[in-house]
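**Q** Quick one, structure for this:
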Amino acid sequence: MAKWILVECFSGVPGKVIALGVTPKSFVPLRNIVRNPLSLADAEAALAQACRTREPVACVSADGRRTVRAEPLLITPERAHAVRLWVGPVREPLPSREPVGAWYFNLTTNRSVRSVDLLDLYGVAPEDRAAEVAIAGAFTRLVTNRDESEALAKIVNSAPGTEHQAVWTVRRDDDALRAGHFACRIIIEPDAEGREEILFRGVTQDIGAATAVASAPPPMILEYQLLEASTAPGEYRAIMNLRSLQLIRWIGAPMPEIAWADLPGQPAPQIHPDDLAAAQAMSRELARHRTEGTVRLRRVDGGWQSVHVRAALMALDQHTTAGLATVTAV
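**A** Numbers count the residues shown, from 1 in each chain. Just a heads-up that it's a prediction; the model follows:
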């Protein structure tokens, strides 16, 4: 095998192949990639061992002809999200490894958790390496492709078993634009207290410079160019989950001084309790017409900022809607 095989294990072992080298694969069985029965058996055994021990596996096959490598990609010390596999002749050198990082969205708590490998892929400076942020924070460096509405609809619906795979452009913290192939699945898991949570588990793989990968989107897709061009100074636009009233993502720059990112040392994102009923009423009214009103949002300094919100219904797919909110300070 001349290339590394990336196998997801979001739901445990055995997982499905999501990439062969830098080529995405659409959740296919390992046997579709590794055809030789002996090599397949070696690969499956190494995959299971790497997931179980969460340690790299390096061994030679029983007949002494093949080298087997399995490198788990960890999201926490207790959990492997994927495994890089390689099976090849004993004297064949290992191919280069593409940067890969693990992540998950906790759709129950609206938090995004990133592995160290993912922060490396993003080129994040040591002082900015918060492992957990609000889900909206995960979109700040992503240039999404034409499938964004489909991906956001899956986040809103949160249906277990749902999968998504795409290539989006990643803007690293050094401003380099890279093509990021990601694959993910929604699953239900118990938390430490045994309560069920809905998680969107995934991995992101750097598959090359964005300008060299045809499937990578341009630095800004047309729809966002139009939205940003029509945004007046002092206005900020956001996509909101109408069920939870949680921020899904900003379109353009985030509103300054508002506690939305859920970073360490900052207050959690919050609508003022006395304004929550008004915000919920605005959400319900969107089913019939556009709406507007004033609510208070938590500031990063712990105080409250009054904002005027104009909201319109936004179709994500045939069955799923979100709110497009235009926000200005009062």
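**Q** Could I get the full set of strands for the stretch 51-200 of the chain?
**A** Along the stretch 51-200 of the chain, counting by DSSP state E, counting those that start in this stretch, strands occupy 57-60, 66-76, 79-89, 100-106, 111-114, 132-134, 142-143, 163-171, 177-190, 196-209.
**Q** buried residues in the third one?
**A** This points to strand 79-89. Going by neighbour count (16 or more other CB atoms under 10 Å), the buried part of strand 79-89 is 79-88. Using the backbone N, CA and C atoms, a C-beta is placed for each residue, glycine as well.
**Q** Export the strands of the stretch 51-200 of the chain as TSV, with columns for mean pLDDT and distance to Leu121.
**A** Listed next are the strands of the stretch 51-200 of the chain as TSV, based on pLDDT from 0 to 100; distance: least, CB to CB, whole Å:
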stretch	mean pLDDT	distance to Leu121
strand 57-60	92	23
strand 66-76	91	11
strand 79-89	92	13
strand 100-106	95	5
strand 111-114	92	9
strand 132-134	89	16
strand 142-143	82	12
strand 163-171	92	7
strand 177-190	94	8
strand 196-209	95	5
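**Q** can you list the buried residues of strand 79-89 in a markdown table and add distance to Ala151?
**A** What follows is the buried residues of strand 79-89, written out as a markdown table (distance: CB to CB, whole Å):
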| residue | distance to Ala151 |
| --- | --- |
| Arg79 | 23 |
| Ala80 | 24 |
| His81 | 18 |
| Ala82 | 19 |
| Val83 | 24 |
| Arg84 | 25 |
| Leu85 | 27 |
| Trp86 | 30 |
| Val87 | 33 |
| Gly88 | 35 |
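**Q** which one of those residues sits closest to Ala153?
**A** His81 (23.1 Å; CB to CB).
**Q** any idea how far Ala151 is from Gly208?
**A** 21 Å (CB to CB, to the nearest Å).
**Q** Looking at these two, which is more packed in?
**A** When Ala151 and Gly208 are compared for neighbours, Ala151 comes out ahead with 19 against 15, by other CB atoms under 10 Å.
**Q** quick one, what contacts the more buried one?
**A** 144, 164, 166 (CB atoms under 8 Å, 6 or more residues apart in numbering).
**Q** Longest helix in this structure, by number of residues?
**A** helix 37-53 (DSSP state H).
**Q** Quickly list what Glu163 is bridged to.
**A** Beta bridges link Glu163 to Arg185 when assigned by DSSP bridges.
**Q** wait, isn't it in contact with Phe182?
**A** No: the pair Glu163 / Phe182 is not scored as a contact, 11.1 Å apart, by CB atoms under 8 Å.
**Q** Looking at these two, which one has more neighbours?
**A** Per other CB under 10 Å, whichever of Glu163 and Phe182 has more neighbours is Phe182, with 20 against 17.
**Q** Not counting its own residues, what contacts stretch 248-256?
**A** Contacts of stretch 248-256 (CB under 8 Å, 6+ apart): 135-136, 139-140, 152, 155-156, 224, 227-228, 231, 236-241, 260-261, 307, 322, 324, 327, 329.
**Q** Write a PyMOL command that selects only the buried members of those residues.
**A** Typed into PyMOL, the line below selects the buried ones among the contacts of stretch 248-256, using 16+ other CB under 10 Å:
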select buried, resi 135+136+139+152+155+156+236+237+238+239+240+241+260+261+307+322+324+327
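**Q** Next step: the contacts of stretch 248-256 restricted to strands.
**A** 236-240, 307, 322, 324, 327, 329 (DSSP state E).
**Q** re earlier: quick check: angle from the longest helix of the chain to strand 66-76?
**A** Interaxial angle of helix 37-53 relative to strand 66-76 (axes from the mean of the first three to the mean of the last three CA atoms, to 10 degrees): 30 degrees.
**Q** Now helix 37-53: buried residues?
**A** 39-40, 42-44, 46-51.
**Q** Please compute how far stretch 292-310 lies from its chain's middle.
**A** Centre-to-centre, stretch 292-310 and its host chain are 27 Å apart (CA atoms, centre = their mean, to the nearest Å).
**Q** Quick check: end-to-end length of that stretch?
**A** Stretch 292-310 has an end-to-end distance of 4 Å (CA to CA, to the nearest Å).
**Q** now swap in stretch 91-105 and tell me
**A** Stretch 91-105 end-to-end distance (CA to CA) = 41 Å.
**Q** thinking again about what came up before, which one of the buried residues of strand 79-89 is nearest Gly302?
**A** The nearest one, if we look at the buried residues of strand 79-89 relative to Gly302 and count by CB to CB, is Arg79, at 33.9 Å.
**Q** For the closest one, name its beta-bridge partners.
**A** Beta-bridge pairing for Arg79 (DSSP bridges): Thr76.
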